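A.B. asks: What shape does this take:
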Amino acid sequence: YLAATEPEGTGYFGCNLDAFWDALNGGPGWPGECQLLFINTAELKELREGRFYQALRDLARDSELVEVRLE
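C.D. replies: Below is the predicted model of the structure:
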């Protein structure tokens, strides 16, 4: 995420889903007004018995400032 979007505040960005949630909603690591598209996410459905994908899907659904799509 950080390499692809190069957001400001990366020094304060924690590398976990809570930090990603904060970034999507204007916190450190916020990418600005944009749309994030995650492609080839089928393999994520197997990671940690699908829990990671579910959490990422929930973040995408609930994001308030950035549109996130999983494909």
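A.B. asks: what residue of this structure is the furthest out?
C.D. replies: residue 49 (19.0 Å; Cα atoms, centre = their mean).
A.B. asks: pretty sure residue 47 contacts residue 54?
C.D. replies: No. Applying Cβ atoms under 8 Å, one finds residue 47 not in contact with residue 54, separated by 10.2 Å. Every residue, glycine included, has its C-beta placed from N, CA and C.
A.B. asks: any idea whether residue 36 is helix, strand or coil?
C.D. replies: Classification of residue 36 by DSSP: H, G, I helix; E, B strand; the rest coil places it in strand.
A.B. asks: and it, how many residues sit next to it?
C.D. replies: 18 (other Cβ atoms under 10 Å).
A.B. asks: For the helix or strand where residue 54 lies, buried residues please.
C.D. replies: Counting by DSSP states H and E, the element that carries residue 54 is helix 51-62. Buried residues in helix 51-62, counted by 16 or more other Cβ atoms under 10 Å: 53, 56-57, 59-60.
A.B. asks: pLDDT on that helix, on average?
C.D. replies: Per-residue pLDDT values over helix 51-62 give a mean of 93.
A.B. asks: Could you point out the helix or strand that follows that helix?
C.D. replies: According to DSSP H and E, the helix or strand after helix 51-62 is strand 67-70.
A.B. asks: Remind me what that following strand packs against, helices and strands.
C.D. replies: For strand 67-70, the elements it packs on are strand 35-38, helix 51-62, judged by 3 or more Cβ pairs under 8 Å, 6 or more residues apart in numbering; DSSP states H and E.
A.B. asks: could those be laid out in a markdown table, adding distance to residue 15?
C.D. replies: Listed next are the helices and strands packed on strand 67-70 as a markdown table, based on distance: least, Cβ to Cβ, whole Å:
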| stretch | distance to residue 15 |
| --- | --- |
| strand 35-38 | 16 |
| helix 51-62 | 14 |
